[in-house]
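K.L.:
structure of the sequence below:
(one chain, ligands or ions: 5)
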Amino acid sequence: MDRITQGRHHPADTVLGPGDDAAIVAAPSRSVVATTDMLVQGRHFRLDWSSPVDIGRKAIAQNAADVVAMGARCTGFLVALGCPSDTPISVTDGLTDGLWLEAERTGAGIVGGDLVQSESLVISITALGDLDGRPAVLRSGAQPGDVVAVAGRLGRSAAGLAVLLAGIDGHDGLVDAHRVPSPDYSRGAAAARAGATSLTDVSDGLLADLGHIADASSVSIDVVTELLHPDDDMRSAANELGVSVFDWMLGGGEDHAFAGTFPASVILPDGWVVIGAVHDGSGVTVDGRGHDGSHGWSSFSV
Ligand SMILES: Nc1ncnc2c1ncn2[C@@H]1O[C@H](COP(=O)(O)OP(=O)(O)OP(=O)(O)O)[C@@H](O)[C@H]1O
Ligand SMILES: Cc1ncc(C[n+]2csc(CCOP(=O)(O)O)c2C)c(N)n1
Ligand SMILES: [Mg+2]
Ligand SMILES: [Mg+2]
Ligand SMILES: [Mg+2]
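P.N.:
Ligands and ions are numbered 1, 2, ... in the order given. Predicted structure coming up:
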């Protein structure tokens, strides 16, 4: 346990870190943003595909992205870890390093957690955040006439997963994007300050996650494929595998890019790019039509 808890530098929001019955985390806004997501071995990661550092980083990233998708910044993480009894120390050390590495990218510390024995590796994280006095940006605020925009790259994680599943060589950048998502954690607060009307992170797939905004806001959302610009390495992997690069960009999960809506009059903050528009109605369309392909990952269908 000492190996997991000791020797780390805690940022200012950690009032009391690991060691007592509970941690104390600053809540300057007097309301706390709280979210949880878990990673399960075999389901969300494989130890022959990802290093323990990668897995630790991904676990923090997918949680931090949900805090940022409220327009907040991260203030602390609680990490519950299930490990088989024969897990090498190098694996728990690597996980701990990865967790801290990505936590530091968010500006927050790991303030506590739990460690139990289990049949496979399971990492469940609770992330806390603060809005610094601003209102949260909900999924329910999109208005007809708004633009739809994204910050971050789409489809690269799904492309990397496809490369790993097919066992083809090369495409290291895509495989890296699958192993460790790289959200820019400053984008959510910037969107909130600019007047974003709704915000989410892309965890399941662009169309599925925009669908949550469309449902919560009682609007329809149209994505314009001409405004999506696939990278050359995604195009070449898609050609090699005989699939459409847009399947990855529209339906691929785990990039943890941010997607949101803004009034059309807003000058978008750095990193945000228009990809569509909000209309009256319901559901999500692509180039004005229903999309036959996958809208995203579904937790219980695969
Ligand atoms: N077991 C549960 N108990 C209570 N609320 C839950 C439970 N599972 C999910 N939720 C809530 O349902 C909502 C949607 O959860 P979901 O996990 O799909 O969101 P997400 O974290 O943005 O997506 P992803 O898991 O793909 O990253 C969230 O508000 C979440 O708190
Ligand atoms: C070994 C392996 N196989 C498949 C995937 C793909 N995958 C798993 S969960 C998920 C979306 C979020 O799911 P959840 O809703 O469970 O958080 C995706 C795209 C992976 N990462 N690793
Ligand atoms: Mg979740
Ligand atoms: Mg989310
Ligand atoms: Mg999530």
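
K.L.:
check the offset of stretch 35-49 from the chain's centre.
P.N.:
13 Å (C-alpha atoms, centre = their mean, to the nearest Å).

K.L.:
can you mark which positions in that stretch are buried?
P.N.:
Using 16 or more other C-beta atoms under 10 Å as the test for burial, stretch 35-49 gives 35, 37-39, 41, 44-45. All C-beta atoms are positioned from the backbone trio N, CA, C, and that covers glycine.

K.L.:
secondary structure element holding residue 239?
P.N.:
Using DSSP states H and E, residue 239 maps to helix 232-241.

K.L.:
what helices or strands is that helix leaning on?
P.N.:
helix 156-166, helix 172-179, helix 245-251 (3 or more C-beta pairs under 8 Å, 6 or more residues apart in numbering; DSSP states H and E).

K.L.:
what's the helix-or-strand element of the chain with minimal mean pLDDT packed up against?
P.N.:
In the chain, the helix or strand scored least confidently by mean pLDDT, DSSP states H and E is helix 2-5, which has a mean of 82. In terms of contacts (3+ C-beta pairs under 8 Å, 6+ apart), helix 2-5 is packed against helix 89-106.

K.L.:
buried set for the least confident helix or strand of the chain?
P.N.:
Applying 16+ other C-beta under 10 Å to helix 2-5 flags residue 4 as buried.

K.L.:
swap in stretch 236-250?
P.N.:
So, applying 16+ other C-beta under 10 Å, buried residues of stretch 236-250: 236-238, 241, 243, 245-250.

K.L.:
quick one, phi/psi of the closest residue to residue 212 other than its chain neighbours?
P.N.:
The shortest distance from residue 212 to any non-neighbouring residue, by C-beta to C-beta, 6 or more residues apart in numbering, is to residue 139 (5.5 Å). The phi/psi pair for residue 139 (degrees, to the nearest 10) reads phi -80, psi -10.

K.L.:
quick check: residue 139 touching residue 213?
P.N.:
Yes - counting by C-beta atoms under 8 Å, residue 139 does reach residue 213; the two are 4.9 Å apart.

K.L.:
what residues does the stretch 51-200 of the chain put near ligand 1?
P.N.:
62, 66 (C-beta under 6 Å from any ligand atom).

K.L.:
before we move on, the earlier item: between the helices and strands packed on helix 232-241, which gets nearest to ligand 5?
P.N.:
helix 156-166 (13.4 Å; C-beta to the ion).
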